[in-house]
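Asks: Let me see the structure of the following:
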Amino acid sequence: MKRKLIRALAALVALGLAVFLILEGAVLFYARDRVRGEPGAMVILGAQLQPQGPCLFLRRRLEKALDYLEDHPDTLVVVSGGQGPDEPDTEANGMEQFLREKGFAGAVLQEDRSHNTKENLKNSKALLAQAGYDVEDGVILVSNDFHLARVRLLAGRFGYRAETLAAPSDHWGFKLYNFLREPVGLVKSALLDW
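Replies: Predicted coordinates for the structure are as follows:
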């Protein structure tokens, strides 16, 4: 009886590890730029806004977006993120200020009610629709590299023809932590984020 229990436990652990490795493979596979054609809109997903400005993750997203926008200044931009209890302003407002300070003069819409990735995508889709843009026509979604598998999963669920720009993760400790954590986020979003 004890041997059967140990074997069952070992099989369960092996199955869990296999599922984790498959999900980790998906996270790694999507952690890069994938832009086909020239979509007319871009959504930059928010992250923490600190008193001194965007946190490092958010700053990297904005810089990645600016690199693209330099050659595509007519792209309609949505900055997406609400205000958390520890933030001095909405992420959306802080993001637009950053883009303006860096010289971007194009059209920016602020989606300032979201508090997670699902809300970012749902609310940004509604905002783009109000502006007359259909997400099925193609939208570039900008986030950090480790986050893009989940972003693509949810974007497909909400009807986006999604292209992605992968902002780098600088600090190796944070990078490793987020790449190892993200498979759990994928499972959570697959099951709960509708």
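
Asks: Phi and psi next, for the residue nearest to residue 127 when sequence neighbours are not counted.
Replies: Nearest residue to residue 127, sequence neighbours excluded (C-beta to C-beta, 6 or more residues apart in numbering): residue 111, at 5.0 Å. Where C-beta positions appear, they are placed from N, C-alpha and C, glycine not excepted. Backbone torsions for residue 111, taken as degrees, to the nearest 10, come to phi -100, psi 110.

Asks: what bridges to residue 111?
Replies: Counting by DSSP bridges, residue 111 forms beta bridges with residue 80.

Asks: Neighbours of it, how many?
Replies: 28 (other C-beta atoms under 10 Å).

Asks: Pull up the per-residue confidence for it.
Replies: pLDDT for residue 111: 98.

Asks: which SSE is the most centrally placed residue in the chain in?
Replies: Most central in the chain under C-alpha atoms, centre = their mean is residue 143, positioned 3.9 Å from the mean C-alpha point. Using DSSP states H and E, residue 143 falls within strand 139-144.

Asks: Okay, now the sheet partners of that strand, with direction.
Replies: Sheet pairing for strand 139-144, using DSSP bridges, gives strand 41-45 (parallel), strand 162-167 (parallel).

Asks: Now find how far off-centre the longest helix along the chain is within its chain.
Replies: The longest helix of the chain (DSSP state H) is helix 2-29. Centroid separation between helix 2-29 and its chain, computed with C-alpha atoms, centre = their mean, to the nearest Å, is 27 Å.

Asks: Enumerate the beta-bridge partners assigned to the residue nearest to residue 64 when sequence neighbours are not counted.
Replies: Nearest non-adjacent residue to residue 64, counting by C-beta to C-beta, 6+ apart: residue 167, 4.1 Å away. On the basis of DSSP bridges, residue 167 is bridged to residue 144.

Asks: which residues does residue 167 contact?
Replies: The neighbourhood of residue 167, defined by C-beta atoms under 8 Å, 6 or more residues apart in numbering, consists of 57, 60-61, 63-64, 142-145.

Asks: which one of the residues you listed is nearest residue 118?
Replies: residue 143 (13.1 Å; C-beta to C-beta).

Asks: got a list of what the residue nearest to the closest one when sequence neighbours are not counted touches?
Replies: Of all residues not flanking residue 143 in the chain, residue 45 sits nearest, at 4.6 Å (C-beta to C-beta, 6+ apart). Residues in contact with residue 45 (C-beta under 8 Å, 6+ apart) are 61, 80-81, 117, 120, 141-143, 147, 151.
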